[in-house]
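Participant: no letters, just coordinates:
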Ligand SMILES: NC(=O)c1ccc[n+]([C@@H]2O[C@H](COP(=O)([O-])OP(=O)(O)OC[C@H]3O[C@@H](n4cnc5c(N)ncnc54)[C@H](O)[C@@H]3O)[C@@H](O)[C@H]2O)c1
Ligand SMILES: O=C(O)C[C@H](O)C(=O)O
Ligand SMILES: [Mg+2]
């Protein structure tokens with residue numbers, strides 16, 4: 001395992017830097033080779049290795065690419081450079097694309113790309129940007145799920161900070177030391193505890209893969225400088241026994257600690273991170289629902305943070321629902337306020353999405369109670385009602401309480417079919433982690449009662465998705481308005497090309513992060529999240545709207561992220577949360593232009609020294 005225990009990290013740092021290190025820490029200190037290579041530590045050793053094996057300088061003659069673009073490079077002598085093959089950037093990209101074609105397994109493609117990212121971020125991001133539609137499913141959902149499950153087996157070196165609860169008292173020291181070794185401070189941290197990775201359960205330290213995957217999209221989709229990204233996993237054990245018993249497992253081989261202990265660790269992390277990296281946005285990712293809500297509640301007014309699963313997902317689905325509901329109401333002639341939404345799932349994602357979607361109804365003039373009344377949530381015990389046995393016994397998880405139905409007159413509805421019969425919804429949303437849970441009779445019934453049924457099976461990865469695009473088309477005679485969490489290919493249905501929507505928070509989290517950074521917002525408010533959803537719904541081109549799409553096409557993600565970010569900036573300004581006074585008074589278009597100008601691109605000299613970063 002390449003994880004550097006403090007002793008070896010100390011040794012490295014002592015060798016290469018003047019940074020004094022305390023002798024007391026026994027913490028696990030792992031330094032990223034891709035994102036945030038310290039100026040003179042592991043980057044140096046790795047760079048020497050790279051120079052021997054990966055000739056890839058500009059026009060073939062330059063030094064090996066730096067581990068972090070435009071920074072931290074270790075220049076080689078001219079003589080050594082001349083003794084290497086002359087490989088152009090174009091050749092490197094073509095070679096990588098060829099290697100990807102020659103690698104059939106998605107997991108192996110993921111591994112190949114991870115190695116390239118660690119060794120040559122600019123090549124990695126030029127490949128991703130050249131073909132985001134085909135490579136997002138490799139570096140992100142669904143393949144990233146398998147990569148997290150097999151993380152310890154396919155481990156190819158440290159990718160971020162792996163912080164163990166056993167070292168929690170050293171967190172301030174670890175992060176402060178780490179910060180001191182960096183040339184550029186991180187702008188976005190994505191942190192997980194690995195406890196609920198997609199719909200795959202508790203993967204412990206393997207959750208690092210999701211932090212890395214999200215940050216890949218911050219760069220590729222949002223235009224963040226890779227040097228400004230820091231993936232973190234907080235290792236507090238895992239409740240998945242097979243992982244704990246795996247001799248290759250790299251994390252703590254102990255059951256996961258309870259919420260009280262986790263909260264203490266989280267508090268230390270948030271404080272240490274805010275002190276070490278005061279200008280950073282912290283994105284919470286894939287915490288199990290109870291912890292996700294507890295941490296969001298605790299930190300959203302004190303730190304510049306948001307929870308991607310609750311708020312990011314809420315935003316992206318509100319954005320898609322705005323488009324879908326309008327199309328459905330146009331087809332049915334029924335008012336927008338008539339929409340009724342049934343959710344399968346009552347976790348952080350479902351509750352977060354339902355709460356955010358209420359804004360759709362509020363925008364039509366409904367009160368909070370009237371808006372809430374348009375939602376029915378089902379968990380493993382059935383529809384959440386005031387008379388259900390666990391509710392009566394006071395055992396319902398706190399985050400679900402808001403959506404308890406009080407109007408069911410003592411009748412219980414156990415299955416999705418029973419709820420659909422009872423409610424006659426216009427929209428079905430799946431956040432249940434249950435593959436195939438939207439069965440044919442339910443979908444056919446929705447199609448029988450709606451001209452354009454809205455069906456959003458959002459669980460990730462594809463192996464947990466409630467309904468495939470193909471079945472959705474077939475069981476609704478092609479009338480479905482569809483968005484899934486993981487991607488499906490377009491399908492030619494009765495001679496017409498049908499493009500599925502991908503209702504995944506990656507359409508908004510880069511914009512939320514960028515908007516928060518650009519505005520210098522002190523916190524990320526609910527209004528900023530809702531603004532991101534509205535901006536997303538307005539980001540479609542006339543052609544995309546004409547084609548009936550619910551979301552903008554992925555190949556425009558940078559433009560879309562800039563628009564989403566501008567919406568977030570404007571909302572921060574309205575709320576008086578912004579500190580970037582130079583952006584005040586700019587129109588939305590001017591803001592979008594400013595944001596686009598600051599987007600990082602591989603091989604373009606827009607390094608922090610020449611262009612102020614976001
Ligand atoms: N598309 C996106 O952008 C996006 C974003 C966030 C989460 N998700 C996905 O949403 C899913 C849920 O995430 P979460 O954090 O809420 O997880 P969670 O485990 O907290 O919630 C799952 C919920 O589903 C319920 N459930 C499970 N099986 C069920 C069944 N057969 N019938 C009815 N209810 C059932 C559980 O009771 C629980 O309330 C995951 O698969 C995740 O990948 C997607
Ligand atoms: O990671 C994703 O693809 C979306 C979401 O954050 C999830 O947890 O499923
Ligand atoms: Mg997530």
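Facilitator: Right, received. Where do you want to start? Bear in mind the structure is a predicted one, so any value in this text is a computation, not a measurement. Ligands and ions are numbered 1, 2, ... in the order given.

Participant: separation between the residue nearest the centre of the chain and residue 140?
Facilitator: Centroid check for the chain by Cα atoms, centre = their mean gives residue 214 as the closest residue, at 4.2 Å. Applying Cβ to Cβ, to the nearest Å, the value for residue 214 to residue 140 is 8 Å. The way it works is simple: take the backbone N, C-alpha and C, and place the C-beta from them, glycine included.

Participant: that's a helix at the residue nearest to the centre of the chain, yeah?
Facilitator: Yes. Under DSSP: H, G, I helix; E, B strand; the rest coil, residue 214 sits within a helix.

Participant: on that earlier part again, name the residues contacting each of residue 214 and residue 140.
Facilitator: Here residue 214 and residue 140 have residue 506 as joint contacts, going by Cβ atoms under 8 Å, 6 or more residues apart in numbering.

Participant: what sits against the closest residue to ligand 2 within the stretch 151-300 of the chain?
Facilitator: Distances between the stretch 151-300 of the chain and ligand 2 by Cβ to the nearest ligand atom are smallest at residue 198, namely 4.4 Å. Contact partners of residue 198, counting by Cβ under 8 Å, 6+ apart, are 141, 144, 145, 148, 210, 286, 459, 460, 461, 464.

Participant: pretty sure the fourth one contacts residue 204?
Facilitator: No. When contacts are counted by Cβ atoms under 8 Å, residue 148 is not listed as touching residue 204 (9.5 Å).

Participant: between these two, tell me which one has more neighbours.
Facilitator: Higher neighbour count among residue 148 and residue 204: residue 204, with 30 against 27, using other Cβ atoms under 10 Å.

Participant: could you check the pLDDT of residue 593?
Facilitator: Looking at residue 593, its pLDDT reads 97.

Participant: which SS class is the spatially closest residue to the residue nearest to the centre of the chain that is not a sequence neighbour?
Facilitator: Leaving out its chain neighbours, the residue that sits closest to residue 214 by Cβ to Cβ, 6 or more residues apart in numbering is residue 190, at 4.6 Å. Taken by three-state DSSP, the conformation at residue 190 corresponds to strand.

Participant: show me what residue 190 is bridged to.
Facilitator: Using DSSP bridges, the bridge partners assigned to residue 190 are residue 231, residue 283.

Participant: give the contact list for it.
Facilitator: 210, 211, 214, 215, 218, 229, 230, 231, 232, 283, 285, 308.

Participant: go again with 10 Å.
Facilitator: By Cβ atoms under 10 Å, 6 or more residues apart in numbering, the contact set of residue 190 is 160, 208, 210-215, 217-218, 229-233, 281-286, 308, 509, 513.

Participant: identify the residues contacting the residue nearest to the centre of the chain.
Facilitator: Applying Cβ under 10 Å, 6+ apart to residue 214 gives the contacts 140, 144, 188, 190, 192, 221, 229, 231, 283, 285-286, 308, 312, 505-506, 509-510, 513.

Participant: ditto for residue 172
Facilitator: Residue 172 sits next to 268, 269, 271, 272, 273, 275, 276 when contact means Cβ under 10 Å, 6+ apart.

Participant: any chance of the residues you listed in a markdown table, plus neighbour count, distance to residue 413 and pLDDT?
Facilitator: What follows is the contacts of residue 172, written out as a markdown table (neighbours: other Cβ atoms under 10 Å; distance: Cβ to Cβ, whole Å; pLDDT from 0 to 100):
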| residue | neighbour count | distance to residue 413 | pLDDT |
| --- | --- | --- | --- |
| 268 | 20 | 44 | 98 |
| 269 | 24 | 41 | 98 |
| 271 | 15 | 45 | 97 |
| 272 | 21 | 47 | 97 |
| 273 | 25 | 44 | 97 |
| 275 | 13 | 50 | 95 |
| 276 | 21 | 50 | 96 |
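
Participant: ok, those residues vs ligand 3, which is closest?
Facilitator: Proximity of these to ligand 3 was ranked by Cβ to the ion; the top entry is residue 269 with 18.1 Å.

Participant: count the residues that sit near the closest residue in space to residue 426 that isn't next to it in sequence.
Facilitator: Nearest residue to residue 426, sequence neighbours excluded (Cβ to Cβ, 6+ apart): residue 339, at 4.7 Å. Other residues lying near residue 339 total 24 when counted by other Cβ under 10 Å.

Participant: one step back: now, which of the contacts of residue 214 lie within helices?
Facilitator: Counted as lying in helices by DSSP state H, out of these, are 144, 509, 510, 513.

Participant: which bits of this protein sit near ligand 3?
Facilitator: Residues of the chain found near ligand 3 (Cβ under 5 Å from the ion) are 286, 309.

Participant: repeat the analysis, applying 6 Å as the threshold.
Facilitator: 285, 286, 308, 309 (Cβ under 6 Å from the ion).

Participant: next, count neighbours for the nearest residue to the second one once chain neighbours are set aside.
Facilitator: Just to be clear, that refers to residue 286. Spatial nearest neighbour of residue 286, excluding adjacent residues (Cβ to Cβ, 6+ apart): residue 192 at 4.7 Å. Residue 192 has 28 neighbours, counted by other Cβ under 10 Å.

Participant: and residue 192, what does it touch?
Facilitator: 148, 203, 205-211, 214, 231-234, 283-287, 308-309.
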